[in-house]
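[1] structural data only, the sequence is not supplied:
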């Protein structure tokens, strides 16, 4: 059984969903520390003015908090959802698949979300349906596994009965590969190659939020 995992990013890039579809079980790492200036509450899209960040405003805690504890700053920025929706609409309303997926995003941004994790999971599950990915998601907070970095990953694999861990290329710098072999777990790396596809603008921009691919290409093979 192949297990992979990642933090629940906001409107993740295509590589996130590639890792999901290549796994048998995918772990949502919701009980790790929230990384400021990361991708958990923001991502990039392509607009008429170039690449632009869509950022969900969050309440800034005085101490480090887990991803599952992050609150959205609705009082400070009550119109953030409308801004995100209108930015998506103005950027992609003329793309081939806009009319197929627009209602889902419109409904999402019309709702008031309290926790970032709830918003992100709603988007991730909806996009998985659009990309025809049907794989079970497990919240890491529901597992008994503990430890840091490599130790945690191995403990999660053991708890789920996995014999293969699918890791992203970004893990190569810190993951202790020899420990997996000692535990009888095969470690493989994703090596995702981002596809080049027709975008709404002339020059191709890779590694954007998956919504760019979704509106321009739809659920075709990738």
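    Cool, got the structure. Source: prediction; values computed, not measured. Numbers count the residues shown, from 1 in each chain.
[2] what segments of the chain are helices?
    With DSSP state H as the criterion, the chain has helices at 14-21, 80-92, 98-110, 116-130, 150-160, 177-182, 210-217.
[3] my read: residue 22 touches residue 165, true?
    No - using C-beta atoms under 8 Å, residue 22 is not in contact with residue 165, being 11.7 Å away. (Each C-beta comes from the backbone N, C-alpha and C, glycine too.)
[4] so for those two, which residues contact both of them?
    Common neighbours of residue 22 and residue 165, using C-beta atoms under 8 Å, 6 or more residues apart in numbering, are 2, 4.
[5] contact partners for the closest residue to residue 123 other than its chain neighbours?
    Nearest residue to residue 123, sequence neighbours excluded (C-beta to C-beta, 6 or more residues apart in numbering): residue 11, at 6.0 Å. By C-beta under 8 Å, 6+ apart, residue 11 lies in contact with 43, 45, 54, 123, 127, 209, 210, 211.
[6] let me have those residues in a markdown table, extended by pLDDT.
    Below are the contacts of residue 11 laid out as a markdown table (pLDDT from 0 to 100):
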| residue | pLDDT |
| --- | --- |
| 43 | 98 |
| 45 | 97 |
| 54 | 98 |
| 123 | 98 |
| 127 | 97 |
| 209 | 98 |
| 210 | 97 |
| 211 | 98 |
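[7] buried ones among those residues?
    43, 45, 54, 123, 127, 209, 210, 211 (16 or more other C-beta atoms under 10 Å).
[8] what packs against the worst-scoring helix or strand of the chain on mean pLDDT?
    Lowest on mean pLDDT, DSSP states H and E among the helices and strands of the chain sits helix 177-182, with a mean of 91. Helices and strands touching helix 177-182, as assessed by 3 or more C-beta pairs under 8 Å, 6 or more residues apart in numbering; DSSP states H and E, comprise helix 150-160, strand 186-189.
[9] turn these into TSV, including mean neighbour count, distance to residue 85 and mean pLDDT.
    Listed next are those as TSV, based on neighbours: other C-beta atoms under 10 Å; distance: least, C-beta to C-beta, whole Å; pLDDT from 0 to 100:
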stretch	mean neighbour count	distance to residue 85	mean pLDDT
helix 150-160	19	36	95
strand 186-189	16	36	95
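[10] and the ones you listed as a markdown table, adding distance to residue 77?
    Shown next, in a markdown table, are these (distance: least, C-beta to C-beta, whole Å):
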| stretch | distance to residue 77 |
| --- | --- |
| helix 150-160 | 34 |
| strand 186-189 | 38 |
